[in-house]
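K.L.:
Next come a sequence and a model predicted from it.
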Amino acid sequence: MDETLEKKLDGAIWVARSLFERGKATGSVANLSFLHENKVYITASGTCFGTLQPNEFAIVDMDGNQYDKLRPSKELSLHLSVFKAKPDVGAVIHVHSTYSVLWSFVPDLNESDCIPEHTPYLKMQLGTVGLVPYEHPGSQALFDAFDKHVENSDGWLLSHHGPVVPGKDLKNAFFVLEEMEESARIAWELRNRL
Ligand SMILES: [Zn+2]
């Protein structure tokens with residue numbers, strides 16, 4: 001049975017706070033979303049993962065039309081692209097976590113699978129990670145670039161910006177994000193050393 005909305009909101013707030021407290025989400029730039037009864041609940045613009053409240057989610061449909069007065073995160077389009085392209089996805093998290101961002105600066109990465117498989121866990125949890133070329137955050141150019149890559153990989157790293165990860169629910173997306181950030185950290189620490 002589908003979880004109640006209250007449970008999903010509680011889970012979302014736990015995930016957000018956990019990421020914030022361990023430095024994987026900073027300031028007000030992170031955003032997350034989940035589906036409930038065919039509606040998208042996404043953190044509102046300007047919210048902080050460290051202090052997120054149940055009434056700080058904007059509610060929209062798959063085309064971005066708003067059901068409430070809260071303004072959704074300006075990165076809403078990335079979330080909607082994932083939900084449209086991947087019907088089994090129930091939640092999306094986007095942060096600017098340090099090691100994933102650092103790794104995106106490495107030259108000549110494989111665009112359809114950019115994080116090396118030094119340990120097996122990212123492949124087990126997610127699969128491939130596509131590298132999306134840099135475009136200004138929140139711009140139509142970024143959304144267009146993301147749309148071009150969304151079908152080709154299981155998760156995504158926005159170059160010089162941060163990861164976008166899907167999950168069947170928010171807990172699963174959280175585990176995937178943790179694994180991507182750890183894998184990027186291992187790859188970064190091992191670069192030029194093997
Ligand atoms: Zn961002």
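P.N.:
Received, thanks. Numbering: from 1, shown residues only.
K.L.:
And the lowest-mean-pLDDT helix or strand in the chain, what's buried?
P.N.:
Least confident element among the helices and strands of the chain, by mean pLDDT, DSSP states H and E: helix 121-125 (a mean of 95). Judged by neighbour count (16 or more other CB atoms under 10 Å), helix 121-125 contains these buried residues: 121-123, 125. Glycine gets a C-beta too; all of them are placed from N, C-alpha and C.
K.L.:
just checking, what packs against that helix?
P.N.:
Contact partners of helix 121-125 among helices and strands, from 3 or more CB pairs under 8 Å, 6 or more residues apart in numbering; DSSP states H and E: helix 170-190.
K.L.:
Contacts for the helix it packs on next, please.
P.N.:
With CB atoms under 8 Å, 6 or more residues apart in numbering as the test, helix 170-190 has contacts from 8, 11-12, 15, 18-19, 24, 32, 34, 90-93, 95, 97, 99-100, 102-103, 106, 115-116, 118-119, 121-122, 125-126, 129, 155, 157, 163, 165-167.
K.L.:
Now list the buried members of the residues you listed.
P.N.:
8, 11-12, 15, 19, 24, 32, 34, 90-93, 95, 97, 99-100, 103, 106, 115-116, 121-122, 125-126, 129, 155, 157, 163, 165-167.
K.L.:
Mind checking which of the residues you listed land in strands?
P.N.:
When strands are assigned by DSSP state E, the members of these inside them are 32, 34, 91-93, 129, 155, 157, 163, 165-167.
K.L.:
Tabulate these in JSON lines, adding columns for pLDDT and distance to C48.
P.N.:
As requested, these are exported to JSON lines (pLDDT from 0 to 100; distance: CB to CB, whole Å):
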{"residue": "L32", "pLDDT": "98", "distance to C48": "12"}
{"residue": "F34", "pLDDT": "98", "distance to C48": "18"}
{"residue": "A91", "pLDDT": "98", "distance to C48": "19"}
{"residue": "V92", "pLDDT": "98", "distance to C48": "18"}
{"residue": "I93", "pLDDT": "98", "distance to C48": "15"}
{"residue": "V129", "pLDDT": "98", "distance to C48": "26"}
{"residue": "G155", "pLDDT": "98", "distance to C48": "24"}
{"residue": "L157", "pLDDT": "98", "distance to C48": "23"}
{"residue": "P163", "pLDDT": "98", "distance to C48": "19"}
{"residue": "V165", "pLDDT": "98", "distance to C48": "20"}
{"residue": "P166", "pLDDT": "98", "distance to C48": "23"}
{"residue": "G167", "pLDDT": "98", "distance to C48": "22"}
